[in-house]
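A.B. asks: Need a 3D model of the following:
(one chain, ligands or ions: 1)
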Amino acid sequence: MTDKRPTLTLKPKAKPARTAASQGGGKPRPAAAPAQAEASKPAQATAPKPSYRPSAERAAARSAPPAPRDTARLRPSHEVKVAPQRDYRPDLKADSLALSLLGAANAVARVRGGSALPQALSAVFGAYEVTPQARGAIQDIAYRTMRQLGRCETLLGLMTSKAPEPPMLDGLLCAALALLDPPQGGQPPYEAFTVVDQAVTAAASHPDFAHAKAMVNAVLRRFLRERETLVEQALKQPLARWNYPQWWIDSTRSAYPQDWEAILTAGNAHPPLTLRVNRRRLDVAAYLEMLRAAGFDATQVGPSAVRLAQAVNVSQIPGFHEGLVSVQDAGAQLAAPLLDLADGMRVLDACAAPGGKSGHILETAEVELTSVDADPARLARVRDNLGRLGLAATLLAAEAQEGGWWDGRAFDRILADVPCTASGIVRRHPDIRWLRRKSDTLQLATLSSKILDNLWQMLLPNGKLLFVTCSLWPQESEAQAAAFAARHDALRLDAPGQLLPASGAGQDHDGLFYALFQKKAA
Ligand SMILES: C[S@@+](CC[C@H](N)C(=O)[O-])C[C@H]1O[C@@H](n2cnc3c(N)ncnc32)[C@H](O)[C@@H]1O
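C.D. replies: Residues are numbered from 1 along each chain as shown. You can find the predicted model right below:
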């Protein structure tokens, strides 16, 4: 989505088209429920973190006296670049849609700068010091925008001659368009003219783009007037049609010539909130009863998996804080059973954070578990998650492709849930498609083959290694598994292989890959 548009002016009108949407107005509808489940599992990519100035420093900068005129004279004005005030907290009402739009615009701009959306949102929440309700609204708008970014950018491209600058202004327009133009069949969460009015208020409140408030008004009103023509034109471009970068569409199509459209569509759906029942503490029937008593509608979708009919904040899930359940996709719940665990085994979870599968392993049998992850901050989440479940493992912050951390005692079972492009879990992490580059696939496949080779020497004869990715690309999954089996003369046992993402009454899970290997007896 590199934009090469030269200067920012409004393009001349397309053929005007009157639409029902242009007749809207009136009071705002309530904000959609926050996308809590979406934020519960962060992206695997460790994206570059944005840098901020501490708020005290920002305050000092705001109250600093203006630079003496002489200083300005020393440099021609075109060399003086004003640093964008991304963390500027405008004087907007805490519960206003304008503040939520601005927060979402900020998060979208950070993602475009390389940050993963959960981190971008944390930064925005910290900078704006928003209420929990506003957090929910910002998060909801930001996730909606990520799912429709290709379409919104294409529409903007049709209405302006250059990508709006600074990036937050572009983010604001995309966020507003995402609210005005929900996916097919979707109900707009706010009245159209409220969105326009609040987007203009948001623009006017920010020193970096207050000058563009008339442009924001003009673009959004034009969209409402000419929606039909603009959308029809936009949808001719695959970026707008599918909301993925072209390379992603091409890769999916070449790997799955029959299913690529269904796969791309599944990646744009809202993920369900699926729970794993801690069967050490209670069985699924008892938990379903507990949910019913608390007024929740839910269905069993796997041996330990329960899907809630409505997503809610984790703090509202009955038994969550007490460790009766964890949030985990139904497909991810296949790992622990495939490991064929028994009490007393030594087990390694080599890429463990945030600890979903570590928790499931410990719920399944009395094993001695070592959980390794390269990212110490993410490893802390394993400790927290196991703590909530009342379970414990040895936690090591280390690189799984290296051996320095290993005490030399071989393992009965190894889980290698390796870092990958995460192309199978885009419905939970709609930012991933915009953050990834095509070359990441090869780089990550190279790293995971090093990890697998290193772990194999740590496995006992007859021991089993389960290789897992949440990728859809064969280079990271089946091709990798086949090459590994050949390199090590490993037995390949029964496992699901590539699970394509599915959503529906019967099956509803992310896209994951499973290959199970056994080491031959010595
Ligand atoms: C797919 S996630 C693991 C999810 C986890 N198994 C679960 O179920 O919650 C991959 C993890 O690998 C970690 N990672 C990335 N590179 C690594 C490396 N070289 N060695 C060990 N862990 C690594 C990432 O920090 C990330 O937490």
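A.B. asks: Hmm, residue 502 and residue 259 touching each other?
C.D. replies: No - under the criterion of Cβ atoms under 8 Å, residue 259 makes no contact with residue 502, lying 10.4 Å away. In short, each C-beta sits where N, CA and C put it, glycine included.
A.B. asks: remind me which residues of this protein are low pLDDT?
C.D. replies: For the chain, applying pLDDT under 70 flags the ranges 1-84, 505-506.
A.B. asks: What are the boundaries of the strands in it?
C.D. replies: 273-277, 298-300, 305-308, 325-327, 346-349, 368-373, 394-397, 411-417, 459-469, 491-499, 512-518 (DSSP state E).
A.B. asks: Of all those strands, which one is nearest the ligand?
C.D. replies: strand 411-417 (3.6 Å; Cβ to the nearest ligand atom).
A.B. asks: Give me the distance between the closest one and the centre of its chain.
C.D. replies: When distances are taken as Cα atoms, centre = their mean, to the nearest Å, strand 411-417 is centred 26 Å away from the chain's centroid.
A.B. asks: What strands flank that strand, and is each parallel or antiparallel?
C.D. replies: strand 346-349 (parallel), strand 459-469 (parallel) (DSSP bridges).
A.B. asks: give me the number of residues near the residue of the stretch 51-200 of the chain found nearest the ligand?
C.D. replies: Across the stretch 51-200 of the chain, the shortest distance to the ligand (Cβ to the nearest ligand atom) belongs to residue 116, at 11.8 Å. Residue neighbour count, defined by other Cβ atoms under 10 Å, stands at 22 for residue 116.
A.B. asks: Got the phi and psi for it?
C.D. replies: Dihedral pair for residue 116: phi -70, psi 150, per degrees, to the nearest 10.
A.B. asks: Now render the strands paired with strand 411-417 as JSON lines, adding mean neighbour count and distance to the ligand.
C.D. replies: Formatted as JSON lines, these follow (neighbours: other Cβ atoms under 10 Å; distance: least, Cβ to the nearest ligand atom, whole Å):
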{"stretch": "strand 346-349", "mean neighbour count": "26", "distance to the ligand": "6"}
{"stretch": "strand 459-469", "mean neighbour count": "21", "distance to the ligand": "7"}
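A.B. asks: Need those in a markdown table (columns: distance to residue 110).
C.D. replies: A markdown table is the format used below for the strands paired with strand 411-417 (distance: least, Cβ to Cβ, whole Å):
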| stretch | distance to residue 110 |
| --- | --- |
| strand 346-349 | 31 |
| strand 459-469 | 27 |
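A.B. asks: nearest to residue 326, of the ones you listed?
C.D. replies: strand 346-349 (14.6 Å; Cβ to Cβ).
A.B. asks: any idea how far the closest residue in space to residue 210 that isn't next to it in sequence lies from the ligand?
C.D. replies: Sequence neighbours aside, residue 204 is the residue nearest to residue 210 in space, at 5.2 Å (criterion: Cβ to Cβ, 6 or more residues apart in numbering). Residue 204 is 41 Å from the ligand, where distance means Cβ to the nearest ligand atom, to the nearest Å.
A.B. asks: Tell me what residue 518 is bridged to.
C.D. replies: With DSSP bridges as the rule, residue 518 is bridged to residue 464, residue 491.
A.B. asks: count of residues packed around it?
C.D. replies: Neighbour tally, residue 518, other Cβ under 10 Å: 16.
A.B. asks: Can you tell me how far it is from residue 260?
C.D. replies: According to Cβ to Cβ, to the nearest Å, residue 518 and residue 260 sit 34 Å apart.
A.B. asks: Please apply the same query to residue 372.
C.D. replies: Residue 372 sits 35 Å away from residue 260, taking Cβ to Cβ as the criterion.
A.B. asks: More neighbours: the two, which one.
C.D. replies: Taking other Cβ under 10 Å, residue 372 and residue 260 do not tie; residue 372 has more neighbours (24 against 18).
A.B. asks: quick revisit: out of the strands paired with strand 411-417, which is closest to residue 273?
C.D. replies: Using Cβ to Cβ, the strands paired with strand 411-417 put strand 459-469 closest to residue 273, at 21.6 Å.
A.B. asks: So for the helix of greatest length in the chain, what gets flagged as buried?
C.D. replies: Ranked by residue count and defined by DSSP state H, the top helix of the chain is helix 213-234. The neighbour-count check on helix 213-234 (16 or more other Cβ atoms under 10 Å) flags 213, 215-217, 219-220, 222-231, 233-234 as buried.
A.B. asks: how much space between the residue positioned nearest the centre of the chain and residue 186?
C.D. replies: Centroid-nearest residue in the chain, with Cα atoms, centre = their mean: residue 429, separated by 2.1 Å. Distance, residue 429 to residue 186, by Cβ to Cβ: 20 Å.
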